[in-house]
Structures are given as structure tokens and as C-alpha cells.
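Student: kindly return the folded structure for what I paste below:
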Amino acid sequence: MGRCTQDNPAPEENAGRMSNTSAPGSSSATSLATRPVPPRQLDWLRTELTDWTSQGIISEDQAARISSRVSARYPAERHTRTSIGRVFLYLGAGFVGVGLIWLVAANLDQLSPVTRFAAIAALWLAFLVGGEVLAARGASAPLVGAVRLLAALGAGAVVFQAAQSLQVPAYEPRLVGLWSAGAFVHAYLTRAYMPFVVGVLTGVTWWFMQPMWDSQNGLTVVMLMGAASVLAAGLAVLHDRRIDAFAWTWRTVAGGMALLAMFVAAVPDIGGDGIDWSTWLVVALVVAGLAATAAALTRPGLRVLEPLGAVVVLVAATLLGLWTTGTDPSDVDAGDWAHAAVSVLAYVVLAVALVALGTVRDHPPLTWMAMVGLVVFTTFQSFAVFAPIVTGAWLFVVLGTVFLGTGFLFDRARRELASALDSDSNAGPGSAPGSDSSSPKGTDR
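Tutor: Below you'll find the model as predicted:
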């Protein structure tokens, strides 16, 4: 069942929860841990069992026992569409959480600092405890998620209110870092997805705010994006088959940061000031390196290609950013053309790699991000290179031609990869689609 993946883990608040059931027909009623799988995988297996039975590979009794065991161990996932109730619950929780932070920012002058802090802390504790009580009582996932989201946002209100009481400026990056750390602690202790999302969003914000606090530098932004991709890719591999919902999100962050790093690095003269080394930039690179190393040591195999590919993106983006060319759009020389050509080639390679990863991992956001990113990047480079040379209607003809060629190659590569994966997975009668032991998807997900 190598292609058993989570296409959309967000609805599940208890991302790591496992359930137990007894195998039908077992006299000892052995308790077996279950793992939900997509219905299409169960349909595929039932078709294969019928085919094996008709070919005499297994008997009807064996097929029945296999089918019974599969039904006990692998219940069908219930992919529910986003309901209006879920949307309103999350929107309401978001508005209330932001409102709490806004109230802190407004100082609540009518209350003393101690009273303000006590009120915010009491609300946060109520949401925190309430969310876990609802989860323990088996409340609906949207309701539990909304209350946990309130708790994660309320933690930020507590941090900012405490900083205000201590006369610490509210715009300092370390406050965002503390908020992110608190959200992550909440998420990992309870395996809750919504606090994890808050932790990721605030953590990414802090990742850029802290190193850029003292000095702003274009190449620093590129390196931070590349390092974030390495860190997220390493964490995605470390979370695979442990907390799949978290792995799904880390993998999405890694792909997005890689695309942004290559995009910003291709901006002409982005690295004209060179690398502005700082303590926090070094810390970011070291942390990213440790995550990639941990993934390589603890989860060996083809899966290590994800953090390794992110490292390649970091190095390529940094070198591309250091390659300075002319900044006069009216004077495009050979160096500008070479820079644009290398940038486009590097971005296309990255986009194709993300399409491959998205296909292997059954991770549609990676494919869509790569496609949209490639279109936007091609548009940017086309205007940067072709606009000074051709104008008016001819510019649209050139851009249209570029888009048609890019779209054709992109779609052709995606189809060829999907066809190759299907051919490989169907090579043996006992292998499920994508279950090749050498495939990162088959071993991780």
C-alpha cells in the first residue's frame, strides 16, 4: 500500500491519533492498529485480489482472508469537503484571536497592566483547556480545531501583553519567536494541526524578521529562503510516517521557499552588496544544516534527496544572486542574456523536480506551486529581457510563444513521469502503485 498518502491532512486535528480494532473472525480478538487509506487504494487492492484469484495465484479462501484483514487494518479515509460550518468556525476563531491581540495593542487603558495580563491569560487558559476537554470527549474535529486555534492565537496575545507590561517594544522579532515556540509546543504535545499551522506561520515570519532586524540585504533574503527550504525539507522527511499531517505542511513550505529563493535570486543585481554575514544568518544556516543531516542519518535512502535538493537550491540561488549584471533596462548586453538564460534554466529544473516530487508523494500543492511559479517567473524574465527589445503587440506574441512552449514542456514532463511511475508500479503482480521499495513515497508515506 505504498501510495497511501494524505492529500489534505488539515481537517484532522489529532494528526497522530491511532485507533484499535479487532480482526474479524479472530478468536483471540487481537487488537490491531489501523491506518486510514484512500478509498481508491482499497478499490485497487480488491481488483487485484479478484485478478489473482482468477489466475489461480491465490485461492478464494485466501482472498477472503486477505480482504477481511485489509478491512480491519486499513479503513477507508473519509475525505469530507470543507463545510460552511467548518469555514465559519475557523473564521470566527481567527477573528477572535486577532481581536485579542488587537486589544493588547490598543493597551486597554481602562485596565491596569496586571489586570490586562490576567484577563488575557485567563482567556488563553480557557481556550487551551477547553480544546483538550472537547477532544477528549470526542467533539467534532472542526469545533476542536477552532478552539485550539483560539488557544494558539491567544498565546500570542499573552506574549505581547507580557511584553507590554515589561515595557518591551511590541515590534521586536523575539516576541514573534516566542509566540511560534509556544504554538509548536502546544501542537506537538497534543498532535494538534491548527496550533501547528500558527507555529509555522509565525515561525516563518520570525525566521526572516530576526536576521533582517539590524540590516537589510537582498542576498540575505535569498539565503534565508534557501535555508528555510533546507530546514523544512529535512523536517518533512523526519516527520514522514510519524506525523504525516505535519510532514505534509513542512513539505509544502520547503517547496514554496525553494521557488521563492530561485525567483528572488534571479532579480538583476539582487546581490550587488554581497553577503552581509550576521550571527542570526549563521544560526539559520547551521540549524538548516542540522535538520538536513538528521534526516540523512535517521531516514536513509532516496528520501534524503529532498533535503539534498534543497541544499542544491540554496547554493544555486546564492551563486545566482552573487552574479551581478547591468541594471539599465535600456541596455541589455550578453551578460544580461546569459544571466536570464541561466536563471530560467535553473528555475525550470527546480519546477520539474517539484513536479516529480509532487507526483511521487501524491502532493498536489507542490505541482500547482511549481506550475504557477514557472508562469510568473517566465513572465518576469520575459519582461525583463524582451521588453527593452520588442514592444507593443510583438511583446505579447513573444510572451505567448514562451508560455505555450513552457506549458507544453511542463505538461509533457508531468505526463511522462506519471506514466513511468504507473509502468514501474504495475511491473510485478504483488506491488501496489508507487510501492517500489526504492521510491521515497513507498517507504515514507
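
Student: hey, let's count contacts and neighbours off CA atoms from now on
Tutor: OK.

Student: low-confidence regions, the stretch 201-350 of the chain specifically.
Tutor: 272, 325-333, 336 (pLDDT under 70).

Student: mind listing the helices for it?
Tutor: 218-239, 244-265, 279-298, 305-322, 334-360 (DSSP state H, counting those that start in this stretch).

Student: among these, which is nearest residue 123?
Tutor: Residue 123 lies closest to helix 244-265 among those, at 26.9 Å (C-alpha to C-alpha).

Student: what is the closest one packed up against?
Tutor: Applying 3 or more C-alpha pairs under 8 Å, 6 or more residues apart in numbering; DSSP states H and E, one finds that helix 244-265 contacts helix 193-209, helix 218-239, helix 305-322, helix 334-360, helix 364-386.

Student: for that helix, output the C-alpha coordinates as PDB.
Tutor: What follows is helix 244-265, C-alpha atoms only, in PDB (Å, rounded to 0.1, in the frame of the first residue of the first chain):
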ATOM      1  CA  ASP A 244       2.000  12.800   8.300                       C
ATOM      2  CA  ALA A 245       0.000  15.900   8.600                       C
ATOM      3  CA  PHE A 246       3.000  17.900   9.900                       C
ATOM      4  CA  ALA A 247       5.200  16.300   7.200                       C
ATOM      5  CA  TRP A 248       2.700  17.400   4.500                       C
ATOM      6  CA  THR A 249       2.900  21.000   5.700                       C
ATOM      7  CA  TRP A 250       6.700  21.100   6.100                       C
ATOM      8  CA  ARG A 251       7.000  19.700   2.500                       C
ATOM      9  CA  THR A 252       4.700  22.500   1.200                       C
ATOM     10  CA  VAL A 253       6.800  25.100   3.000                       C
ATOM     11  CA  ALA A 254      10.000  23.600   1.600                       C
ATOM     12  CA  GLY A 255       8.700  23.700  -2.000                       C
ATOM     13  CA  GLY A 256       7.400  27.300  -1.700                       C
ATOM     14  CA  MET A 257      10.600  28.600  -0.100                       C
ATOM     15  CA  ALA A 258      12.700  26.900  -2.800                       C
ATOM     16  CA  LEU A 259      10.700  28.600  -5.600                       C
ATOM     17  CA  LEU A 260      10.900  31.900  -3.900                       C
ATOM     18  CA  ALA A 261      14.600  31.600  -3.300                       C
ATOM     19  CA  MET A 262      15.300  31.000  -7.000                       C
ATOM     20  CA  PHE A 263      12.900  33.700  -8.100                       C
ATOM     21  CA  VAL A 264      14.400  36.400  -5.900                       C
ATOM     22  CA  ALA A 265      17.900  35.300  -6.800                       C
END
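
Student: thinking again about what came up before, please identify the most buried of the helices and strands packed on helix 244-265.
Tutor: Most buried of the helices and strands packed on helix 244-265 by mean neighbour count (mean count of other C-alpha atoms under 10 Å) is helix 218-239; its value is a mean of 27.

Student: what is it packed up against?
Tutor: Right, helix 218-239 is packed against helix 193-209, helix 244-265, helix 279-298, helix 305-322 by 3+ C-alpha pairs under 8 Å, 6+ apart.

Student: switch the cut-off to 10 Å
Tutor: On a contact count with 3 or more C-alpha pairs under 10 Å, 6 or more residues apart in numbering; DSSP states H and E, helix 218-239 meets helix 193-209, helix 244-265, helix 279-298, helix 305-322, helix 440-444.

Student: before we move on, the earlier item: so which of the helices of the stretch 201-350 of the chain is nearest residue 135?
Tutor: The nearest among the helices of the stretch 201-350 of the chain, by C-alpha to C-alpha, is helix 244-265 at 17.4 Å.

Student: and the closest one with helix 334-360, angle?
Tutor: Helix 244-265 and helix 334-360 are oriented at 170 degrees to each other (axes from the mean of the first three to the mean of the last three C-alpha atoms, to 10 degrees).

Student: which residues touch the nearest residue to residue 364 once chain neighbours are set aside?
Tutor: Take residue 364 and drop its neighbours on the chain: the residue closest to it by C-alpha to C-alpha, 6 or more residues apart in numbering is residue 358, 5.8 Å away. When contacts are counted by C-alpha atoms under 10 Å, 6 or more residues apart in numbering, residue 358 touches 251-252, 255, 352, 364-370, 414, 441.

Student: and of those, the nearest to residue 223?
Tutor: Among the contacts of residue 358, and counting by C-alpha to C-alpha, the member closest to residue 223 is residue 255, at 14.8 Å.
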